[in-house]
Structure formats: C-alpha cells, structure tokens
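Student: Below are the sequence and a predicted model for it; my questions follow.
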Amino acid sequence: MKDFIIPSDDRDMGTPAKTGAPVTLTVDGFQVTVPEGTSVMRAAAEIGIEVPKLCASDNLEAFGSCRLCVVEIEGRRGTPASCTTPVAEGMVVNTQTPRVKKVRKGVMELYISDHPLDCLTCSANGDCELQDMAGAVGLRDMRYTSGRNHYDASGAGTLAQGDMRARAAGTDLGNPDYIPKDDSNPYFSYDPSKCIVCNRCVRACEEVQGTFALTIEGRGFDSRVKAGNAGDDFLTSDCVSCGACVQACPTATLQEKSVVEMGTPDRSVVTTCAYCGVGCSFKAEMKGNELVRMVPYKHGKANRGHSCVKGRFAYGYAHHPDRILSPMIRDRIDEPWREVSWEEALNFAAQRLKRLQATYGRRSIGVITSSRCTNEETYLVQKLARGVFLNNNTDTCARVCHSPTGYGLGQTYGTSAGTQDFDSVEKTDVVMVIGANPTDGHPVFASRLKKRLRQGAKLIVVDPRRIDLVRSAHVEAAHHLPLRPGTNVAVVTAMAHVIVTEGLTDDAFIRARCDTESFADYMEFVSDPRHSPEAVETLTGVPAAELRAAARLYAKGGNASIYYGLGVTEHSQGSTTVIGIANLAMLTGNIGREGVGVNPLRGQNNVQGSCDMGSFPHELPGYRHVKHADARKIYEDLWGVEIDPEPGLRIPNMLDAAVDGTFKGLYCQGEDILQSDPDTKHVAAGLAAMECVIVHDLFLNETANYAHVFLPGSSFLEKDGTFTNAERRINRVRRVMAPRATYADWEVTQLLAQAMGATWTYTHPSQIMAEIAATTPSFAGVDYALLDELGSVQWPCNEAAPEGTPLMHVEGFKRGKGRFIVTEYVATDERTGPRFPLLLTTGRILSQYNVGAQTRRTANTAWHPEDLLEIHPHDAETRGIKEGDWVRLSSRSGETTLRAALTDRMSPGVVYTTFHHPDTQANVITTDYSDWATNCPEYKVTAVQISPSNGPTDWQEDYAAQAAQARRILPAAE
Amino acid sequence: MTDIVPPSAEEMRAIVEAHLGLEGPLLPILHAMQDTFGYVPDDAVALIAEALNQTQAEIHGTISFYHDFRRAPAGRHVLRICRAEACQSMGGARLAADTLDRLGVDWHGTTANGAVTVEPVYCLGLCACAPAAMIDGRVAGRLDSAAMGELLQEAGA
C-alpha cells in the first residue's frame, strides 16, 4: 500500500491558469500552445522553462513589480515583464539573453543590498525564493555598500549585513528604518528586516483570503508590509491567521514559528484536514516522525490551496499533555481511573457488554459513531452494532446537526447530500446563505465565496444575526433578512409565494423535471395569501418589501445557489425548511448545472461520510432502510449473521431508555455527547444510569466523566482512511506518524469486536473500503488506488460514473421526478413569555471548533478564551448589564453564567452564544425539543432570561466538582 | 504648544458623509479632513474604513503613501522648502540648512512656539525662480537668507 505521497507537480507556474482560445508561441525555440490570456511566464512554465521571479505566484494575479522576470520578445521594444505580458499568436520569446541576464543581475543586486546576509542561520535557509533567485541569476558580488537600510538595528551600515548582533530580539540601536520582529501571532512571526516588499502577502490576504488585513505602509524606500492601522500588530489587526500570507512569502519575513524552531521539513504527505466539512487537502510536512507544519495543498479540489487558522495551525492538540495514551477502566464512575493494558481494558468492556446483553436483552446496548472519525472507522462501529451486538442501536452526532438535510433532500430529490462541488461557487450569480456563518464555520469556502462576490455576484443573507458576510470589507449583501429565530419555514415559504404569485417560476424546468401532481398541490398551498410576505411580516420580523426583493433576485438573478447550515436544520421544523429550500431551487430551475444548487455546509469533517456509512439506526450504509430484506441480505451473506429488521434507538431514545432502565451499555467513539447534545442534565442522567459506558477519544472529555472504560483514540495524523466532505468528496487521510496510543481507532473497534467473539481480520483500512464498495452501490467504484490516482472522488462513484459525480441531478433527479412537498409553518413549542422574554440562538466562532476539545488545546485560545453572550445594547441596558459583566442565562431547562458582550449584530430580543467551552455548558440551557422528522435538537431557539450575576451557578460548580472527581487517575503501581 | 482637542466623531462623520456620493471618495475625504482639522486624526481611520466598507489597513496604506497627509497636527504655518535639483543648483541646500538651524528643528519639525513646521518638497514647478519655497500654499521664489527671514518673521517663528 502506497502510504506516502510526495506531491509530484507542485511547481509554481507564476500566474493563474486562464481559459480561452488556443494561442501558439515560441519560447526559447520551443513551441507551446496555451489558452488566450495566459502570461508569457506561465506559457514558458508549461514547457518546463522557469523564468526567474519573486513577486509572481500562480494563486495571485500578476503584479509586475519585482522586474526579475523580464524577457525579450522579437519585434517588441525593451524588456517586458513576462508575468504581465499576455501571449500572442506567433510570439517569439527569449528568456535568457545577455540583456535580460544583465537586467536581472542588477535588480537582484538592489534587492540584496537591503537584505541581511545571514542565510546560514536564517529560518528560511533552503526554502527561500530570494536565495534561489540570487543563485539562478548568478549574483556574485554587490557593489552597493553601507547606507540607509532596514536590516541593521544599529543604523546605517555600522554592522555587517551578516552580523547577528544587528538583529537580536528587542534591540533598538538607533536605526529609524529598522522595525523589530512582530511575534504577536501565536503561529507565525513577521520580521520586516527580511522583507523585499514583493506584495505577495498583501495580495494573498486580499485575493485569496479576502480579509484585506495587510497593506503596504509608506512609499519608496519607506515601504513596509503592515497589518492593520498604525499602531496595530498582527494580533490586533483584522488578520484571521489563515496563513495565506505566510505561504505566499518568498523569504523568512513571514514564517511559521514551528519552522523557526524545528528547521525545514524533509518530506511531505498529502492528507485531509479533520476540522470542518470543507475538507481541505493539506501537505503534512514532516521531519522524521515530527510534524513541522501543515501547508494547504494546491491540488486539493475543495480548498484549491487555501486554508484557515484551524487546519493550518491548530494541530498541536495531537501532542497536548492532556491526551490519554493508555486504556483505563473503573467499576463505578465515582472511583478513580485505573490504567490497564489494552487487553485488560478490552476484555473488561467485552465482558460487561456481553453480561448486559445476557441480563437485559440484545437491544440493551448500542454505539455512537463519530462524524470526526474516518468512513472506515464509522463503518466498523455500525458493523459492531449490527453484526456483533445484533441490533440497530447505532446513531451519530449528525443526529444533532444535519439529519434534517438527509431527510429533506432525500424526500424531494432522492439523495441525502448537497448537489454541487465547491468549484461551482465560481459560476454563481446569486448566493443565498441561510442559517450559516461561513466566515467563521467554513472559512475556506467563505473565502472562495467572497472572491466570487467581489467579482459581482449578489448575496442574500437570511440570519437573525448580522454575520460578517452581511457587510465586511468589499462584501455587502444585497439583502439581509434578519428573521426571528424559529421562523425559517415562514420566510422560505413566503419567498416561494412571491416567486409563484409574481410568475417568476421556471415553468419549462418544472414541466420537464418535476412531479406534476405534487407541484399542483404545492402551487395551491403556496399561493394562498396567508403565506405572503406581508401576512407573515409580524411573525418573522422580516420587512415584506425586502423579502419580496430577495425572492425576485433569487428567481431572476441568473445562476442562483443556496448554501445553508445548522441555522436551518437545528429547529423543530428543520426538515421542513430543508424541503422549502429544495422547493425554491426546483421552482426556479436552479438545479443540475454549475453555479446553482442546494448546498448544506456540513459542520464536521465527516458528517456526510458518517451518514453515508449507515450510522443511523434505521439505515444500512448507502441510506438503505433496514426493513428491506434485500439490503439486509447483502450484509447477512457477507457477515454470516442475521440483521435485526427493526430500526434501533436514536441518541435521545437511548438516553430516555437508559433513564427508564432498559438501555445499559454504550460504546461512544469520538463524540462528546454530554457537551454537544441538548439538555445536558438529561444526558448526564442517562449516562449515569448506564452500567457500561465506553468512551473512545483523545481526551478525557465531558462524557468520560460518566464512563467505565476509556480507550485512547488516535488523531487524524495517526491513521489511514477517508473523510467525505460537504460536497460528497471522498478524500484520503494518510497516516503521517505512528498512533501515539499504539492503535488506530479502526484497530481498537476491531479489537473490541474480537473480544466479543467476532472474527474480523482487517489489516488495513483499504480492506474496509473494499467491503464498503462491494456492498454499497454509490461507492462501488471507490478504492484507494483510484483515490491515489485522482486525488479525491465525489460519490456516486460506480460504473455509471467511474470518476465520481461533481454535480448531482444533471439529467434528472435521483428519485426520478423532483417532488414538491408543502411546508406548513408550525410555531415551535418553545416560546418567549414573561419569564423568558428573549430568544437564545447559538453558533460558532472562527478560531474554535465544536465543543473545543481540539482547538481549546492549541494557541487558538489567543482569539477566543471564553464563550460570550452577545446581547443588543437595548436589552442590556434595560437589565443593567454592561460590557464584560457576568450574566446569568436561564431557560426552562437550566441556567448558566457567562460574560456579556454588547453588540448591535443582534436584533433586540435575540441573544447569541457559542458552545466551545465546557465551563459555560450552553447546552444546560437548550431544551429537548427537536425536529419532527429526525429528532435533530432545536439548538437554535431557546426562550431565556438574562440577569446580572456574580459568578458561576450552582450547577456549574457542582458540575466542576463532579468532573474533577471523575477525572482522577490512580498513579501507576510501582 | 497648546493641547490639541481631537475632533469629535460627529464632525468627522459629517465630512465622510459629505463625500460618500463621489466616485472614489477616499482621497477627497482625506483632503477634507486635513483641510478642516489640519491632519487626519487616528480615530478617523476606523470611521472612514467602516463607511467605505474597506479595512483600516487599506485606509492606513493610502494615508501613509502620501507625504502630504499628516497623522498629527502641524504648526500654525507650514513652510515647504524645495530640495529638487534646480533649487539645489541655486543654493537651495544651503538655504534649507540655514533655515533649519535658525529655527532649531529638523525636517518635519515644528518650532517650540508652534508657529512653523518645516517640510521638504521635491519641485514646486518654480525652477525659473530657484531657490523656491511655499508657505501655507503661497509660493515664494528667488529666496535668500534675508527673504526667508522675512517669511519666517511674518509667520511668527
């Protein structure tokens, strides 16, 4: 098995690829044909001729400032820059003539005259384009001597260029042009003395990331790269630490601190980020067994060479001292943990589970799979339930995020997945973002979206909160519909009402592609005046005129796409809203081509995959219901067992059954249900009532406080497998280091199955994928060799689509005809009243991820050390609350305390918080209301009251005490 | 020097809003700020950035690119002495050095009584009347030590 992939063609082509009619030219005597609009530099690179360059990079538009890439073109005067000169038919280019060589040497000499010559001790030694180019142009001496410079802290050339004393940290020796190093960012440093002002970082921040945090300060010799306003450093500026500038920098000016400390890496492995559902491809750059840095992989089809602060930098949790590396057991949860051997822990767990099944019945135990683990691991965990426990008690954390997506899109289109690939956003004209905050939750997608918006695409934001996309540098939504939490269905239905009653439907599409009968019913339903924007205005809080304008734009603005997140699904009518969204796309014919579609933004790296792999209690892998005997037979024949035809328990049912005393044992892999599931007290009661809770995780998470067996997990760096991202893209995860706790997660599940008597004999995850492919039609063509060859593949991947399916429903819907379903708005039972007059909604912040188990254990806490309650200044004032005050947040379920942040991002009457920190326990507040179809909890609406407070609540203190008690580990026996 | 009271947010916002209808309003706003307050106040940067939907970095980049925009108040009068070639060939360098000596300041400095700020300028287009200078927007040519003395006296230096 080929485990290590050294990227074969990682060359920088200088300028971006173009599309256009073919143009043929001659470069250094060789003919090359490239698309019209291509630069001379790129044309040369296509045939392996590298023109020296410093300011050009193929992820940035040509800039033409370094003047190193000059060439001579026959019939043209002078020495034009090859990066800014487009090709022309019949052009004859010479990249190496005496004249250009002389120009380049002269330019290089000037660069070097203001650059420290400490190459041997420089952190970019061996990885520096300035160094490479000095070599390439053959610079041998430098005529310029001392004078004004930026590299010598002691002033005008009194110390030699290579003298380290000149650049010691914190030295101010009197050179007014010398700017000391900025180490404020936890992950990278900015050393202005090494800057050649090529502008690549500034352009990367603008063009690639879209944050515009950097600028060039001053002019001429005084020009320096600057983050933010005068007086800012990187940390206080708008910088979001995505790392694009660091990647763009050709010198050591912007450099990862890990490289400064460890030196340059010696090999790299292409793998997939384990944070959000974008699924960025990275090169894990290694030095022996140590990870030096993660660099976004330019051939990654989800991220196209970009990254965010989490994937790029926040991998330190893998080596955090909190990681538990040996298995532990205890008889009761009030005892301290005992570290034991793997064998003892697994036997202990297996004996307990078997005993529970013997005493309380086959269905008294179950599993929870993780959306953060690989497809192969998830498949094995559900196989453990179905093939070894012999029940269907398997559920996944997707239950609490995107289960309504599966239901809603399945019912309307016939498949439980997004319709597009991320590249599609480059072709869209109108984007509607509903209940998602991409700049924080899915930052790399947000950057790609913002790029398209800067090119002129229009944006509609449907969100109670004024998220950054509504208005931030160079991006402004055409319409922001600030609806009251819980009224999604009313808003989406009102949009459909406008489209239908104003005759904005795509009738040809509907006739050809959709089910006529359901359409007729839907037309009758939706054209009823009670669904008009005016009729629902008081309910939703969205001005009718704004809603009408948004609907018209969506219907008639060209290619219109919808991207949505958990603000859609985590409601009592989550599935209904997904259906409403699907209806909108069908009504307007925005399905089945590039630039359109319905796109769920998945929260975690493998939400899509964990759903695909049969994690749900009613579905076998590939979304086949367990009641179908033919689907069961496939697995029964292969596994040699009889599969339970009855759907198993969902997570909330497991907990209810546990409280009732009928559900007794749980194997929970890589999920912290105590922190992430609603109504924390109920979850705690359920877990406490079980007799065998097995937690398989990197850390002693909150759920582990109630566990009897702890099995140490492996991080994504320590195992092989695949993740499936939000665009159905199956990406390879490659092991870059040995599992720190001996076993990869799939091996642990296999060992547990073996301890319970199963005869599994997988020796590599590729064998598990082979079993998945052999049993699941939409994965039939997937194997590791194909993934190595293509880089990634989007399912369905089978005989009909051997290289996968970037766009779904191109010719027809998966289910045949698209089905319209009426979307009656039913108000949630969770309502505000005199005691709880405010609505709480929850979300995510850029630097933290989910329950924070990983990101809280990295330097990302520099940006978000605690959860804050965002509240409108008006609501704060009437309650006597000031910025930074402790406030008590109470609901019908419970109460907690946290600090207040006053902001008019929120509408009056709505408050907002994140759930990244266990001290806050935002889910103590949330209720146990859930989606009518899928039980997805209603996280996004809770009626609350806010009052001033002195500090933590009794619950928080009791909880902290219980957690401290439950986390004790006995010292190892001497 | 008297304490400078920074302008209020309302005053600055009024200037920004007066120019928002223009195509490319940033430079007109910065000029209006400087004309009104004598400098571009630090607090104006965030305000302008917000109004133009740009970042503070971009506004700072623009301000710092132009030497004429200042981030702190100048003296009551601004004297710009030409240091370009024609003036230098006619004794401009000596004139400039003498003037700085006489006032006891360096380039961009302000006299202790707050009367005059001296700045270099690279060609006023007055080469035929070199050496030249400009005080508060009024040009003066064929300057010698005595003529410069009169200018400074008028300015109260």
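Tutor: Arrived safely, thanks for sending. Keep in mind that what you see is a predicted model, and the values were worked out from it rather than measured. Numbering: from 1, shown residues only, chains lettered A, B, ... in the order given.

Student: By proximity to chain A, which residue of chain B wins?
Tutor: For chain B, the residue closest to chain A is B:Gly61, as judged by C-beta to the nearest C-beta, at 3.1 Å. (Each C-beta comes from the backbone N, C-alpha and C, glycine too.)

Student: Whichever residue of the stretch 151-300 of chain A sits closest to chain B: neighbour count?
Tutor: Taking C-beta to the nearest C-beta, chain B has its nearest neighbour within the stretch 151-300 of chain A at A:Thr215, 3.1 Å off. Counted with other C-beta atoms under 10 Å in any protein chain shown, the burial measure for A:Thr215 works out to 28 neighbours.

Student: That one: what secondary structure?
Tutor: Taken by DSSP: H, G, I helix; E, B strand; the rest coil, the conformation at A:Thr215 corresponds to strand.

Student: Not counting residues beside it along the chain, what's closest to it?
Tutor: Nearest residue to A:Thr215 in three dimensions, chain neighbours excluded: B:Gly61, at 3.1 Å (C-beta to C-beta, 6 or more residues apart in numbering or on different chains).

Student: Make sure the one you found is indeed in a strand.
Tutor: No. Counting by three-state DSSP, one finds B:Gly61 to be helix, located in no strand.

Student: for the residue most central in space within chain B, what are its contacts?
Tutor: With distances taken as C-alpha atoms, centre = their mean, B:Asp68 lies nearest the centre of chain B, 5.0 Å away. For B:Asp68, the set of contacting residues under the criterion of C-beta atoms under 8 Å, 6 or more residues apart in numbering or on different chains consists of B:Gln34.

Student: what does A:Arg11 give?
Tutor: Taking C-beta under 8 Å, 6+ apart as the definition of contact, the neighbours of A:Arg11 are A:45, A:50.

Student: and A:Leu409, that's in a helix?
Tutor: Yes. Secondary structure assignment (three-state DSSP) places A:Leu409 inside a helix.

Student: Contact partners for it?
Tutor: Taking C-beta under 8 Å, 6+ apart as the contact definition, A:Leu409 lies against A:415-418, A:578, A:582, A:598, A:600.

Student: now that we have those, which one has the most neighbours?
Tutor: For the contacts of A:Leu409, the largest number of neighbours (other C-beta under 10 Å) sits with A:Val578, at 33 neighbours.

Student: confidence score at that residue?
Tutor: The confidence metric pLDDT takes the value 94 at A:Val578.

Student: buried set for the helix or strand harbouring A:Gln956?
Tutor: Using DSSP states H and E, A:Gln956 sits in helix A:954-966. For helix A:954-966, a neighbour-count test (16 or more other C-beta atoms under 10 Å in any protein chain shown) marks A:955-956, A:959, A:962-963, A:966 as buried.

Student: ok, now stretch A:225-240?
Tutor: Of the residues in stretch A:225-240, those with enough neighbours to count as buried (16+ other C-beta under 10 Å) are A:225-229, A:232, A:234-235, A:237-240.

Student: same thing with stretch A:508-528?
Tutor: Neighbour counts using 16+ other C-beta under 10 Å place A:509-510, A:513-515, A:518-519, A:522-523, A:525-526 of stretch A:508-528 among the buried residues.

Student: now do stretch A:382-393
Tutor: The neighbour-count check on stretch A:382-393 (16+ other C-beta under 10 Å) flags A:382-389, A:391-393 as buried.

Student: Could you pull up the mean pLDDT of it?
Tutor: Predicted confidence along stretch A:382-393 averages 94 (mean pLDDT).

Student: residues near A:Ala738, how many?
Tutor: With other C-beta under 10 Å as criterion, A:Ala738 counts 13.

Student: Just send the buried residues of stretch A:382-393 back as a markdown table, with secondary structure too.
Tutor: Formatted as a markdown table, the entries for the buried residues of stretch A:382-393 read as follows, by three-state DSSP:
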| residue | secondary structure |
| --- | --- |
| A:Gln382 | helix |
| A:Lys383 | helix |
| A:Leu384 | helix |
| A:Ala385 | helix |
| A:Arg386 | helix |
| A:Gly387 | helix |
| A:Val388 | helix |
| A:Phe389 | helix |
| A:Asn391 | coil |
| A:Asn392 | coil |
| A:Asn393 | coil |
